[in-house]
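# Pasted the sequence and its predicted model underneath.
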Amino acid sequence: MTRPLKIGITCYPSLGGSGVVATELGKLLAEKGHEIHFITNGMPFRLGKFHRNVFYHEVEISDYYVFRYPPYDLSLASKMHQVAELQQLDLLHVHYAVPHAICAFLAKQMSGDRLKVVTTLHGTDITILAQNESLKDIIRLGIESSDVVTAVSQDLIRETRELLDVTKPIELTYNFVDKRVYYPRNTSDLRSDFAEPHEKIMMHISNFRPVKRTCDVVEIFAKVASQVPSKLLLVGEGPDMPKIQAKIDAMGLSHRVHYLGKQDDVAQVISMADLLLLPSEKESFGLVALEAMACGVPTIGSQAGGIPELVVDGITGYLSPIGKTEEMAANAVRLLTDSKLYADFRESCLDRARTEFCNDRITAQYEQIYYDVLGIN
Ligand code: GMT
């Protein structure tokens, strides 16, 4: 290593994939000897136990009575600047342009040009915000003013360019999983809590927002369950959950569905599944499909966003046009009823996750980006 770096990381500490990726990246960089300072409004949920070289700085939000809306963005920018000065940070790596890239831009105005800013774009639904005229220009400013911008799929790069008309280069850095955590776990004990030995398990994990099309999950499951004895395990919670529960009841499927709520040890839970269902409307990457892949579980899903860059259709899963639940169900049945085909898919999943999306490879890519932007060779 050329020299250890001091890096500030900002992410949404409690939000899905982007928070997971930012936190895991920070922990892995710390293991490699870098000093990591999380600057967030809460302890990142995957931070867990004490880690050498990892520090957490909480953003305090002023609730002074004249403010109708507490100015979180300004407090974050000030905190970024303060931590950058006190700790002599080399750079800020922010996850999500809104508002984090803008806050980093302000911090850099205060700290001076020596403080570099790397912005990673995560969500296709955030690019939707860019269609809102009141936010478009400020999102563009956040992106254009970053020293380096990365995105988690080619599709997200394309969408960002199209919607925002940005000229700045955007580097591709796929998401990753830590191979020491994500591998096929032994679940022989656990499985029997949810399914009979002859039954297959289908799983959906998400925040149950409308973009996840969780109604399609139920439709697919209903069609598969009519041909293959199976159970559906739903992991996570979110706004569409009541609708889904009502649909499951109305379709007479309640006895076949288990609701597991939010789960921390995703690798353990996902290892119980025979298939992951991911029929999303929008998905810049689909981290959960990678988590499944690394545990040897193929995905049945949609061709939305960056999913086809991750799941190889016909090799590590099957992808169909958004909303084509008949086709998705037929593909699921094909995989579940052909043990040789299933074994091939499982092997391809393990191989692809290990080679293309392993932590060593992607962490090294980020390190190179940091050294390049700092002019350190
Ligand atoms: O949509 C989610 O599940 C949450 C969201 C987030 O902010 O974590 O996920 C986005 O970032 C993830 C990590 O890069 C990607 O894997 C998800 O595909 C992306 N979600 C969308 O694009 C809708």
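That came in fine, so what should we check first? Numbers count the residues shown, from 1 in each chain.
# Mind listing what's buried along stretch 138-156?
138-140, 142-143, 145-153, 155-156 (16 or more other C-beta atoms under 10 Å). Where C-beta positions appear, they are placed from N, C-alpha and C, glycine not excepted.
# L275 contacts G296, correct?
No: the criterion here is C-beta atoms under 8 Å, and L275 misses it with G296 at 11.2 Å.
# Those two: who's more crowded?
The neighbour count for L275 versus G296, taken as other C-beta atoms under 10 Å, is higher for L275 (28 against 24).
# list the contacts for the residue nearest to the more buried one when sequence neighbours are not counted?
Computed as C-beta to C-beta, 6 or more residues apart in numbering, the closest residue to L275 that is not its neighbour in sequence is M202, at 5.0 Å. Residues counted as contacts of M202 (C-beta atoms under 8 Å, 6 or more residues apart in numbering) are 220-221, 224, 230-233, 273-277, 332.
# where does M202 land in three-state SS?
strand (DSSP: H, G, I helix; E, B strand; the rest coil).
# residues making contact with the strand or helix carrying D372?
Using DSSP states H and E, D372 sits within helix 359-374. Residues outside helix 359-374 that contact it (C-beta under 8 Å, 6+ apart): 2, 5, 7, 24-25, 28-29, 32, 90-91, 93, 116, 118, 147-148, 150, 171, 173-179, 377.
# Out of the residues you listed, list just those in strands.
Counted as lying in strands by DSSP state E, out of the contacts of helix 359-374, are 7, 91, 93, 116, 118, 148, 150, 171.
# By neighbour count, which of the residues you listed wins?
Counting neighbours by other C-beta under 10 Å, the top entry in the ones in strands among the contacts of helix 359-374 is H93, with 29 neighbours.
# Would you mind listing the outside residues contacting stretch 63-79?
Contact partners of stretch 63-79, identified using C-beta under 8 Å, 6+ apart, comprise 10, 39, 41, 57, 59-62, 99-100, 102-104, 106-107, 110.
# Could you pull up the residues touching S145?
101, 105, 108, 117.
# which one of those residues has the most neighbours?
Busiest of the contacts of S145 [other C-beta under 10 Å] is A101, holding 27 neighbours.
# Correct me if wrong, but that one is in a strand.
No: under three-state DSSP, A101 falls outside any strand and is assigned helix.
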